[in-house]
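Student: how does the following fold in three dimensions:
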Amino acid sequence: MSLNRFVSLIILFICVLFASSAAFACACCVDPGYYEISTSKPSAYDLGIFGEMKFGVGELYMNTAGWDVIRGLNDLKADDEAGKSIALNVDESFLSKTWRLNMQTVGGRKGSLVLPMPTTMVRFKVDQHNNEPGTETSLYKEFRFKGTVAAGTGFLGKSIVGPTSYFLVFQGRGNGCDNSADYTHWRLELNGKNANFAFFGKLIQ
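Tutor: Residues are numbered from 1 along each chain as shown. You can find the predicted model right below:
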């Protein structure tokens, strides 16, 4: 083999190596203007992500109408009107495709929810067009779940009468691939005969 041919082969190998590395590094990259909304069955990888997410703290969502539009939380309403804090600590676990949430207010009021994961989920990702020029496109992302509450206790027990639906959303930012560190916030809404309220908070990283 001539020296020139040998050098050419070495150069070709280096080019292929760098091209492969760049392609691997950008496997999670997306183009500007990216948008995705899809419904699918959670994969084993998705289930691993959900198991790593920890709720931590939370609070009751309340708009300008206050307690007038909230139904099913009379104990928290009484505490709030008495000047007691209703900020929440949330101890959560995800086992056997079920979220189990134990909530406790700063004032000591306790309640729990059992939320079986539905068979499908919605995955939402969108470019919000706020990236710096020349940087990788960053997305706003959500995992969305709509299911039926299996059980409720404590200050949440009286609101779970008959079929009560829940809408759980994990919110985050990142590239086209998903991992638990991308998701920083959660929101949980309950609706039913005796329930009309929502909680939200940060995920523990």
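
Student: count of neighbours near Gly66?
Tutor: 10 (other C-beta atoms under 10 Å). Bear in mind the C-beta positions are built from the backbone N, C-alpha and C, glycine included.

Student: can you give me the strands for this structure?
Tutor: Here the chain has its strands, by DSSP state E, at 35-40, 56-60, 88-95, 98-105, 110-116, 121-127, 139-148, 151-154, 165-174, 183-192, 195-202.

Student: to Val69, which of the ones you listed lies closest?
Tutor: When those are compared by C-beta to C-beta, strand 195-202 sits nearest Val69, at 7.0 Å.

Student: so which elements touch that closest one?
Tutor: For strand 195-202, the helices and strands in contact under the criterion 3 or more C-beta pairs under 8 Å, 6 or more residues apart in numbering; DSSP states H and E are strand 56-60, strand 88-95, strand 183-192.

Student: can you tell me which of those strands is most buried?
Tutor: For the helices and strands packed on strand 195-202, the largest average neighbour count (mean count of other C-beta atoms under 10 Å) is found in strand 183-192, namely a mean of 19.

Student: return the residues in contact with the residue nearest the centre of the chain.
Tutor: Nearest to the mean C-alpha position of the chain, by C-alpha atoms, centre = their mean, lies Phe170 at 1.4 Å. Applying C-beta atoms under 8 Å, 6 or more residues apart in numbering to Phe170 gives the contacts 53, 142-143, 183, 185-186, 203.

Student: count the residues that sit near the nearest residue to Val149 once chain neighbours are set aside.
Tutor: With C-beta to C-beta, 6 or more residues apart in numbering as the criterion, Val149 has its nearest non-adjacent residue at 4.5 Å, and that residue is Thr164. Under the neighbour criterion other C-beta under 10 Å, Thr164 is assigned a count of 21.
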